[in-house]
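*Asks:* pasted the sequence and its predicted model underneath.
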Protein chains: 2
Amino acid sequence: MASDLDIARAAKLRPIAEIAATAGIPPGSLIPYGHHKGKIDFRFIESLRDRPDGALVLVAGISPTPAGEGKTTTTIGLADALREAGARTMIALREPSLGPCFGQKGGATGGGHAQVAPMDEINLHFTGDFHAITSANNLLGAMLDNHLYWGNALGIDPRRIQHRRSIDINDRSLRDAVIGLGGVAHGIPREDGFDITVASEVMAIFCLARDLDDLQARLARMIVAERRDGSAITPADLNAVGAMAALLRDALQPNLVQTLAGTPALVHGGPFANIAHGCNSVMATRTALKLADIVITEAGFGADLGGEKFLDIKCRQAGLAPSCVVVVATIRALKMHGGVAKADLGAENPRAVTAGADNLRRHVAAMRAFGLPAIVAVNGFLSDTEAEREALNEALEPDEIAPIFCTHWADGADGADGLAETVLATIAAKSARFAPLYPHTMPIAEKLRTVVRRAYGGDDIVLSPKAAKQIARIEQRGFSHLPVCIAKTQYSFTADPNLRGAPSGFTIPIRDIRLSAGAGFVVALAGDILTMPGLPRVPAAEAIGLDAAGEISGLF
Amino acid sequence: MASDLDIARAAKLRPIAEIAATAGIPPGSLIPYGHHKGKIDFRFIESLRDRPDGALVLVAGISPTPAGEGKTTTTIGLADALREAGARTMIALREPSLGPCFGQKGGATGGGHAQVAPMDEINLHFTGDFHAITSANNLLGAMLDNHLYWGNALGIDPRRIQHRRSIDINDRSLRDAVIGLGGVAHGIPREDGFDITVASEVMAIFCLARDLDDLQARLARMIVAERRDGSAITPADLNAVGAMAALLRDALQPNLVQTLAGTPALVHGGPFANIAHGCNSVMATRTALKLADIVITEAGFGADLGGEKFLDIKCRQAGLAPSCVVVVATIRALKMHGGVAKADLGAENPRAVTAGADNLRRHVAAMRAFGLPAIVAVNGFLSDTEAEREALNEALEPDEIAPIFCTHWADGADGADGLAETVLATIAAKSARFAPLYPHTMPIAEKLRTVVRRAYGGDDIVLSPKAAKQIARIEQRGFSHLPVCIAKTQYSFTADPNLRGAPSGFTIPIRDIRLSAGAGFVVALAGDILTMPGLPRVPAAEAIGLDAAGEISGLF
């Protein structure tokens, strides 16, 4: 059986200018990066302003398990099938971070016959966007500490610095550090730390900015530190906004690549789905909507987390209204939600499928709560059995859901024919009545409660005294209108990663609140959320290298 | 009078594929990065192997002063003039670091009518090479600390870790840090620090590697830490070489840009000229020599420092033999070497020129000590007077040097006509008898002594007891064959930056020795050398931004 790498290497990619032409992008408006990647020029994007938008389809998932779900693979397979059916289709996806590439094995470019390419270039450096974001974030840090060094005219309280430096590598030893050591000539000692780049607020801002002006306005609003009296210090106070924007300018132009089947794909931006909103850039989604009749995009983690944030944060801020949601599951993952251990997934187990379907049903309910039609796609594994598929059909019948079984991993576009037909019919039916889960005027605690009840199926939140105080302060400072971004384990509807399936009667403890004033949301931390991953005992990096021909190996 | 920026913006750049064609690079072998930058494919470079090399011309300078010398401007002006005279000419230059861009005002792309372009793209991110180097260096750091975290099977002594992380920003507060804080789950606390990327050994390795195999062999030789018994830990021990090479692979392909006059220029790699060897990559120089009849390249700082390292380290390792050296001076800078303060440079002062010429004469002597013909180019300022030029003519006569007065800054190629003629005649005369200053078999202390005497005009070195011990250990470990790299202030032949001109009767104190086993040289530190610059009170970054059209402003 051909591996993902075999399939990717056997594919003959088309020059990126041809893909651009397919998407209606003229040669002068494509900024090439190598033969198979390009950026779309701002001026061309600006010229599209008055075109009507295509239909937006969100691909979300069940709560992730170690069995794998294949949201990206399904996003790609669906788009390829729609294009084969004659619809002008584009994809909008996140860019991968270097961190996971070198940590846990696995890229972020799909798999089987449903991949975006060139996978090695997309996974390593790509067009340099994340490096630009890292640089902008760290220039800000350097200017902040430089300000302290030269006398601290702004009166920054060194104990009240929220800004952290960033690096696009999993490096746990940089989580907590004391910097500025070495004596008078080397800075002011203080506690600091590094987040992985995708967890930085600059990344979230980059992904939510509508254009260069909005980018700069958001950067200027970031709160990086406070004075003793609690008043805010921003990049604007440090005169850092212009230089940060100069570093981010070219990067903000969306990246164009292709699927193995030749469907144009915009792969751009990649914020964490816990501390941030977890989906590709607004620039890319809006550009794709101008260029295509149907745009397939993806949200991180399960529909409860990534889907909710996509809808309540990104769609609200960017004025987007999806036509429907595809919720992706696999038989294997449903069996894990039904109580089967990973080692036992090979054995047929329709009862576990039935039990695990509760997880899927709740995600569907969460998406319906936004007024959106939900379609269930089952990403087929060769080990799935007819009895298991039948068990799933029966489990979903009470909710009037007919799952669509797909084989795009094995068969490419042909394997997602049925899914494409259903998506086309759903778009044509215009049954979506999208509205966010809560109005912006709702108090912050009430917003949190609403998400917990309507998206997670929980009973309530439990605010720590600290979090309650923080919320009061944020509301007092005039930020009560912002949406909330709950940073919670993705493995469960609850705050306990071990509770699979669809638990009920639980509360979500909120221990800490952070204001992301530039990104424009209030982060609520439920449990310990690491903003800098560590490497495993044997990092994937150890297997990566160059083969005899100088090509990169070991990335799959 | 038009500013550098005005001139750059008024220039009509040619598509990079046209410039590539000029240089004999076929379209399929150019990897485009935007419309005006590209990388040259490894396979094409490999195909050039049996072609004869062109002539190599080194542009070096007097000891730098705040008055400015204009080596890069002269490199570009000379190349443009040679090309106008009909010679197939290419340029090989270093890439700029983001650090100085945001620190002290000023890019590194020449000036006036002698610039490489596009200046904003070259100065910011360019093709991402430095980000790739930063990532490879920091992945190594993460894998090193991860190894400690998971039990330290290799027995690394955490007090004997030489590796430092890097960042391409001037950030003094990261010079000394304690990392790994936060408790058991977050690493092993230890002292660490960040160097600016250009000061990292990975940068030096990148710039000295002949090809991908050599790159990996050098990475594998780096000594990143030691055990308690002093035995070495390398990236090979950490299984990090392959992943580092994967990160560096694309970056190692040289970058092609153009001068405002359309001369092809390879701008690639940029190591510090103190802790490392200070010139562009071997890959770029060797590729240019295959593609052009004449290649003009530049060494950092004065000829004594950058020129010496170019010749003793890079030319020795890469098997290069230059045809001649152009030593660049300005009347203004010579006046500073003659004792004039910067504020008084506007006033005519032929006597100061005469006095300052001693600095220039010693640099010429240093270059002649390598068996190379030296040409003196005076980069003209509008304020220079006839009496001052005459004073310089007279001062150089005893050494049989006729300085060539150039006006390429103001006039472009036409302003360097005379210089081009002299360079052509010198190459044709084949008078170069290049040999490094010392044989590789010479003991390390003797190598240092030789450089101090023959390149700096000093009497001797004074080794600290620590340095003497370090040298003994390095020789005992089998590295006595390596060339030396003296890290010393660039402002003086001595170790005291305030001693301009051409002091005599001095010794150079060597306080510390570092082995760069991967780069392949022994660094001798004379005085305090900072490997991480700080930002000034008002960083240049504060003036950088986007103008109303979204273009980057404030970079000049």
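*Replies:* Noted; the coordinates are in hand. Predicted model, so just to flag it, every value in this text is computed and none were measured.

*Asks:* contacts and neighbour counts: CA atoms only from here.
*Replies:* Will do.

*Asks:* contacting residues for the closest residue to chain B within the stretch 201-350 of chain A?
*Replies:* Here the residue of the stretch 201-350 of chain A nearest chain B is residue A:242; by CA to the nearest CA that distance is 3.6 Å. For residue A:242, the contact set (CA atoms under 8 Å, 6 or more residues apart in numbering or on different chains) comprises A:216, B:541, B:542, B:543, B:544, B:545, B:546.

*Asks:* quick one: the fourth one and residue B:554 touch, right?
*Replies:* Just to be clear, that refers to residue B:543. Yes - Residue B:543 lies in contact with residue B:554 (CA atoms under 8 Å); the separation is 5.5 Å.

*Asks:* per-residue pLDDT of the residue of chain A positioned farthest from its centre, please?
*Replies:* Of all residues in chain A, the one whose C-alpha sits farthest from the chain's mean C-alpha position, using CA atoms, centre = their mean, is residue A:184 at 42.6 Å. Taken from the predicted model, the pLDDT recorded for residue A:184 is 92.

*Asks:* separation between it and residue B:41?
*Replies:* Distance, residue A:184 to residue B:41, by CA to CA, to the nearest Å: 48 Å.

*Asks:* tell me, how many neighbours does residue A:315 end up with?
*Replies:* For residue A:315, the count of nearby residues is 19 (other CA atoms under 10 Å in any protein chain shown).

*Asks:* now it: closest residue in space that isn't a chain neighbour?
*Replies:* Once flanking residues are discounted, residue A:315 sits nearest to residue A:321: 6.4 Å by CA to CA, 6 or more residues apart in numbering or on different chains.

*Asks:* next, the contact list for that neighbour, please.
*Replies:* Residues counted as contacts of residue A:321 (CA under 8 Å, 6+ apart) are A:56, A:315, A:434.

*Asks:* next, the second one: secondary structure please.
*Replies:* In three-state terms, and counting by DSSP: H, G, I helix; E, B strand; the rest coil, residue A:315 is helix.

*Asks:* model confidence for it, exactly?
*Replies:* Each residue has a pLDDT score; the one for residue A:315 is 98.

*Asks:* ditto for the last one
*Replies:* Listed pLDDT for residue A:434 reads 98.

*Asks:* that one belongs to a helix, doesn't it?
*Replies:* No - read with three-state DSSP, residue A:434 is coil and lies in no helix.

*Asks:* thought it was touching residue A:368?
*Replies:* No - no contact is recorded between residue A:434 and residue A:368 when judged using CA under 8 Å, the distance being 9.1 Å.

*Asks:* what about residue A:438, how many neighbours?
*Replies:* Neighbours of residue A:438 using other CA under 10 Å come to 17.

*Asks:* now do the same contact list for the residue lying closest to it once chain neighbours are set aside.
*Replies:* Nearest-residue entry for residue A:438: residue A:447, 6.4 Å, with adjacent residues in sequence omitted and distances by CA to CA, 6+ apart. With CA under 8 Å, 6+ apart as the criterion, the residues that contact residue A:447 are A:438, A:483, A:484.

*Asks:* which of those fall in helices?
*Replies:* Nothing among the contacts of residue A:447 maps onto helices, per DSSP state H.

*Asks:* hang on, residue A:34 packs against residue B:28?
*Replies:* No - under the criterion of CA under 8 Å, residue A:34 is not in contact with residue B:28, lying 10.4 Å apart.

*Asks:* neighbour count winner among these two?
*Replies:* Just comparing residue A:34 and residue B:28: by other CA under 10 Å the higher neighbour count belongs to residue A:34, 19 against 12.

*Asks:* ok but the residue nearest to residue A:438 is inside a helix, no?
*Replies:* Yes - for residue A:447, which was evaluated using three-state DSSP, the result is membership in a helix.

*Asks:* so what's it scoring on pLDDT?
*Replies:* Residue-level confidence at residue A:447 comes out at 98, pLDDT.

*Asks:* check the gap between it and residue A:439 for me.
*Replies:* Applying CA to CA, one obtains 8 Å for the distance of residue A:447 from residue A:439.

*Asks:* poorly predicted segments of the stretch 251-400 of chain A, please.
*Replies:* Counting by pLDDT under 70, not a single residue of the stretch 251-400 of chain A qualifies.

*Asks:* tell me the helices in it, going along the chain?
*Replies:* With DSSP state H, counting those that start in this stretch as the definition, the stretch 251-400 of chain A shows helices at residue ranges A:282-291, A:308-309, A:316-318, A:331-337, A:350-368, A:386-396.

*Asks:* export these to CSV and tack on mean neighbour count and distance to residue A:512?
*Replies:* Formatted as CSV, these follow (neighbours: other CA atoms under 10 Å in any protein chain shown; distance: least, CA to CA, whole Å):
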stretch, mean neighbour count, distance to residue A:512
helix A:282-291, 25, 28
helix A:308-309, 28, 18
helix A:316-318, 17, 24
helix A:331-337, 28, 29
helix A:350-368, 23, 25
helix A:386-396, 18, 37
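
*Asks:* want to throw those helices into TSV with distance to residue A:113?
*Replies:* Conversion of the helices of the stretch 251-400 of chain A to TSV gives the following (distance: least, CA to CA, whole Å):
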stretch	distance to residue A:113
helix A:282-291	23
helix A:308-309	29
helix A:316-318	32
helix A:331-337	19
helix A:350-368	25
helix A:386-396	22
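
*Asks:* redo the ones you listed as JSON lines? Include distance to chain B.
*Replies:* Formatted as JSON lines, those follow (distance: least, CA to the nearest CA, whole Å):
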{"stretch": "helix A:282-291", "distance to chain B": "16"}
{"stretch": "helix A:308-309", "distance to chain B": "29"}
{"stretch": "helix A:316-318", "distance to chain B": "21"}
{"stretch": "helix A:331-337", "distance to chain B": "28"}
{"stretch": "helix A:350-368", "distance to chain B": "31"}
{"stretch": "helix A:386-396", "distance to chain B": "41"}
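
*Asks:* skipping its backbone neighbours, what lies nearest residue A:311 in space?
*Replies:* Beyond its immediate neighbours in the sequence, the residue positioned closest to residue A:311 (CA to CA, 6+ apart) is residue A:436, lying 6.4 Å away.

*Asks:* phi and psi next, for the residue nearest to residue A:150 when sequence neighbours are not counted.
*Replies:* Counting by CA to CA, 6+ apart, residue A:150 lies nearest to residue B:537, which is 6.0 Å off, once chain neighbours are set aside. The phi and psi values for residue B:537, taken as degrees, to the nearest 10, are phi -50, psi -40.
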